[in-house]
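Engineer: Return atomic coordinates for the entry below.
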Amino acid sequence: MKEKKERKKYSVKEVAAMCVCDLSTVQKWAKENGVKFTGEGRRKDYHFTKKKIEEFKQRPRPGRRWETTD
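Structural biologist: Below you'll find the model as predicted:
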């Protein structure tokens with residue numbers, strides 16, 4: 001019986017699905033944090049490792065701040 005190999009690289013679409021966030025969020029983070037890619041210009045395909053996925057999950061998430069009324 002063959003053993004299932006662990007994947008080494010994940011796409012932006014797969015990472016967005018795992019982390020329940022938008023593709024543009026993952027792409028922007030990848031660009032700013034040195035994720036390896038293939039292609040050039042607007043046709044980049046980012047390749048996430050398990051380590052980069054964990055770093056992405058630990059990123060600061062500023063989001064919107066709720067205003068309080070007194």
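
Engineer: Now the most centrally placed residue in the chain, what are its backbone angles?
Structural biologist: The C-alpha lying nearest the average C-alpha coordinate of the chain belongs to V26 (C-alpha atoms, centre = their mean; 3.8 Å). When quoted as degrees, to the nearest 10, the phi and psi of V26 stand at phi -70, psi -40.

Engineer: measure it to K5 for me?
Structural biologist: Distance of V26 to K5, given as C-beta to C-beta, to the nearest Å: 24 Å. C-beta coordinates here come from the backbone N, C-alpha and C atoms, glycine included.

Engineer: returning to that earlier point: and the residue nearest to the centre of the chain, what is it in contact with?
Structural biologist: For V26, the set of contacting residues under the criterion of C-beta atoms under 8 Å, 6 or more residues apart in numbering consists of 12, 15-16, 19, 46, 56.

Engineer: what about it, distance to F48?
Structural biologist: Remark: distance between V26 and F48 (C-beta to C-beta) = 8 Å.

Engineer: what sits in contact with each of these two?
Structural biologist: With contacts taken as C-beta under 8 Å, 6+ apart, the residues that reach both V26 and F48 are 12, 15, 56.

Engineer: Narrow these to those in strands?
Structural biologist: The strands in this structure, assigned by DSSP state E, contain none of those.

Engineer: Closest to T38 out of the residues you listed?
Structural biologist: Closest approach to T38 among the shared contacts of V26 and F48 (C-beta to C-beta): V12, at 12.2 Å.
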